[in-house]
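Peer 1: Generate coordinates for the sequence data below:
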Amino acid sequence: MSVSATCLEHPDKVPLPPRHVLYFILPLAVLVLSGCAATGGLDLPDMADWETRQAILAETDEWEFTGRIGVSAGDEGFNGKLFWRQDGVVFRARISGPFGAGSVFINGNRGELTVTDRNGAVTDLHDAEVELRQMYGWTIPVTSLRYWALGIPDPAGSAETSFGDDGQLVQILQSHWQVDYGPYRDSAGQLMPRRLTAVNDDVKVRLIIDDWIFR
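Peer 2: Take a look at the predicted model:
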């Protein structure tokens, strides 16, 4: 993402929106302004073996990544951008690209999820994978993706894991999903996933992570 010298020009000439609109704009502004701030983040501690790596990353709950996402589900699909921010148990995800100039925002935690469409309409999700498929024709593994992106299984359920000759995780089988990992890259002082593919029946989610920031 390229950023000009200032993210907002001539703010004194921009009229303020009506107050009720601010309730929708302000949460989105946090995501937008995160791209304007130049923050290097923190380095992760040493993760010499799988048990240590799994334990550290499962407890790491303040981070974000930017990347690219491709989804195919039956006859539907798209390629776009994904921004994900994790703050404790709460996450905020922005998916942009498949909706013209608009974006979809998915916010919440494992128990409470909402999706906000490009028109600002907010919908509560009770079964995110099923309801996203009904709404848009595609779906992503919302609740487990925060762990799979880090390169560990979701601790909420059982999983099978496979490793390469170099000791790096190459596959997770969990919750009817098969997650395959491509190359890793150095991020925050440790090797972190660069590319992963998650498949479930006719749904295929491809994710390329360009930048990690840990706090």
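Peer 1: residue ranges with poor pLDDT in this protein?
Peer 2: Scanning the chain for pLDDT under 70 picks out the ranges 1-40, 98-101.
Peer 1: quick one, helices of it?
Peer 2: Under the criterion DSSP state H, helices of the chain are mapped to 19-34, 50-59, 128-136, 142-150.
Peer 1: Please list the residues outside the last one that contact it.
Peer 2: Helix 142-150 has contacts (C-beta atoms under 8 Å, 6 or more residues apart in numbering) with 57-58, 60, 65, 84, 86, 91, 93, 106, 110, 113, 125, 128-129, 132, 141, 153-157, 172, 174-175, 177, 179, 192-193, 196, 198, 207, 209. (Glycine included, C-beta is placed from N, CA and C.)
Peer 1: From the residues you listed, keep the buried residues only.
Peer 2: The neighbour count (16 or more other C-beta atoms under 10 Å) marks 57, 60, 65, 84, 86, 91, 93, 106, 113, 125, 128-129, 132, 141, 153-154, 172, 174-175, 177, 179, 192-193, 196, 198, 207, 209 as buried among the contacts of helix 142-150.
Peer 1: who's in contact with the most centrally placed residue in the chain?
Peer 2: Nearest residue to the geometric centre of the chain (C-alpha atoms, centre = their mean): Trp84, 3.5 Å. Trp84 sits next to Glu64, Phe65, Thr66, Phe91, Arg92, Ala93, Leu145, Arg146, Ala149 when contact means C-beta under 8 Å, 6+ apart.
Peer 1: Do I have it right that Arg110 meets Gly157?
Peer 2: No - Arg110 lies out of contact with Gly157 (C-beta atoms under 8 Å); the separation is 11.3 Å.
Peer 1: Val170 versus the residue nearest to the centre of the chain, what's the distance?
Peer 2: When distance is defined by C-beta to C-beta, to the nearest Å, Trp84 is 22 Å away from Val170.
Peer 1: Could you do Asp43 as well?
Peer 2: 25 Å.
Peer 1: try Leu57
Peer 2: For Leu57, the distance to Val170 - C-beta to C-beta - is 16 Å.
Peer 1: residue ranges for the strands of the chain, please.
Peer 2: Assigned by DSSP state E, the chain shows strands spanning 62-73, 76-87, 90-99, 102-108, 113-116, 122-125, 160-163, 169-174, 177-181, 184-187, 190-193, 195-200, 203-214.
Peer 1: so which of those gets nearest Met47?
Peer 2: strand 190-193 (5.7 Å; C-beta to C-beta).
Peer 1: can you give me the offset of the closest one from its chain's centre?
Peer 2: Its chain's C-alpha centre and that of strand 190-193 lie 16 Å apart, by C-alpha atoms, centre = their mean, to the nearest Å.
Peer 1: That one: partners in the sheet, and parallel or antiparallel?
Peer 2: strand 184-187 (antiparallel) (DSSP bridges).
Peer 1: CA atoms only for the partner strand, dumped as CSV, please.
Peer 2: Extracted C-alpha coordinates of strand 184-187, given in CSV (Å, rounded to 0.1, in the frame of the first residue of the first chain):
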residue,chain,number,x,y,z
TYR,A,184,7.2,-19.1,5.0
ARG,A,185,8.9,-15.7,5.3
ASP,A,186,10.8,-13.9,8.1
SER,A,187,8.4,-11.6,9.9
